[in-house]
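Asks: With the input below, show me the fold.
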Amino acid sequence: MKFIPPPDRRQRLALGDSTLHGVDVALTVAVFLGVGFLLDRWLGTAPWFMIGFTVLAGVGFFARYKYRYDAEMERLMDERRARAQARQDATP
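Replies: Alright, predicted model coming up:
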């Protein structure tokens with residue numbers, strides 16, 4: 001039987017972050033859907049508010065994660081440039 005080492009701390013944290021983000025999206029979309037449902041029942045406009053609030057939640061999360069991704073990639077590129085510059089400065 002082959003030994004499989006347990007995931008290191010970074011992998012466990014990344015899995016936890018992904019799971020939390022997924023739960024965050026699901027719960028927020030469910031809340032927006034519920035608010036849309038209640039507004040539709042109150043105003044008699046079914047299903048327009050449900051659709052609108054669900055789309056609004058989806059677009060909001062897409063924008064949020066895109067900006068977060070762009071910021072993280074910019075940070076990683078800055079680190080990469082700094083390491084390359086340090087290597088270039090270290091060579092005689």
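
Asks: Just give me the residue right at the centre of this structure.
Replies: The centroid of the chain falls nearest to Y65 when counting by CA atoms, centre = their mean (4.4 Å).

Asks: List the contacts of it.
Replies: By CB atoms under 8 Å, 6 or more residues apart in numbering, Y65 lies in contact with H21. From N, CA and C alone the C-beta is placed, and that goes for glycine too.

Asks: Show me the helices in this protein, by range?
Replies: 9-43, 48-90 (DSSP state H).

Asks: and the angle for the shortest one with helix 48-90?
Replies: What it means is helix 9-43. Helix 9-43 runs at 160 degrees relative to helix 48-90, counting by axes from the mean of the first three to the mean of the last three CA atoms, to 10 degrees.

Asks: Could you list every helix and strand in contact with helix 9-43?
Replies: Other helices and strands packing on helix 9-43, by 3 or more CB pairs under 8 Å, 6 or more residues apart in numbering; DSSP states H and E, are helix 48-90.

Asks: ok, F32 - how many residues close by?
Replies: Using other CB atoms under 10 Å, F32 has 20 neighbouring residues.

Asks: Let me know the pLDDT of it.
Replies: If you check F32, the pLDDT there is 96.

Asks: So it is in contact with V59, correct?
Replies: No: using CB atoms under 8 Å, F32 makes no contact with V59, being 10.9 Å away.
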